[in-house]
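Asker: sharing a sequence plus its predicted fold:
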Amino acid sequence: NGVEVSFFGRKTKAPTGAVNLALKRDVPLIFGHCILDKNNNNIVVAKQKIDLIRTGNIKQDIQINTQNLIHIMEKTIQQYPDQWMWFHNRWKGEL
């Protein structure tokens, strides 16, 4: 079901699987993405390790860290707007 986040200033739901796994298994969460270069080669970028916030409340931790991940994603989309796509209606049933 995901959690409610702000994505480019609009409320929507975001999946929590990666954050949930990182928090529960105490493993690093690394944000990465691909860039298609002018020669049609995909460049894989492991951009940054995300420092997870732990408050002791797992629901709150998932919410906060998912929102932080979305902010990082927004910055990447702004850098490469022509390479962003989403395979479903991001704001379906807008909150």
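Answerer: Sure, I can see it.

Asker: where does the chain have low pLDDT?
Answerer: Counting by pLDDT under 70, the chain shows low-confidence ranges at 87-95.

Asker: how about the helices in it?
Answerer: In the chain, the helices defined using DSSP state H lie at 17-25, 58-79.

Asker: please save the CA atoms from the shortest one in CSV.
Answerer: In CSV, the C-alpha atoms belonging to helix 17-25 read as follows (Å, rounded to 0.1, in the frame of the first residue of the first chain):
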residue,chain,number,x,y,z
GLY,A,17,9.9,-2.1,0.4
ALA,A,18,13.5,-0.9,0.1
VAL,A,19,13.3,1.3,3.2
ASN,A,20,11.5,-1.3,5.2
LEU,A,21,14.1,-4.0,4.3
ALA,A,22,17.0,-1.7,5.1
LEU,A,23,15.6,-0.7,8.5
LYS,A,24,14.5,-4.2,9.5
ARG,A,25,17.7,-6.0,8.3
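
Asker: and the angle for it with helix 58-79?
Answerer: Relative orientation of helix 17-25 versus helix 58-79 (axes from the mean of the first three to the mean of the last three Cα atoms, to 10 degrees): 140 degrees.

Asker: now helix 17-25: buried residues?
Answerer: Across helix 17-25, burial judged by 16 or more other Cβ atoms under 10 Å covers Val19, Asn20, Ala22, Leu23. For the C-beta atoms, the positions are set from N, CA and C on the backbone; glycine is no exception.

Asker: the residue nearest to Pro28 when sequence neighbours are not counted pairs with what?
Answerer: The shortest distance from Pro28 to any non-neighbouring residue, by Cβ to Cβ, 6 or more residues apart in numbering, is to Lys49 (5.4 Å). Lys49 has these beta-bridge partners by DSSP bridges: Ile30.
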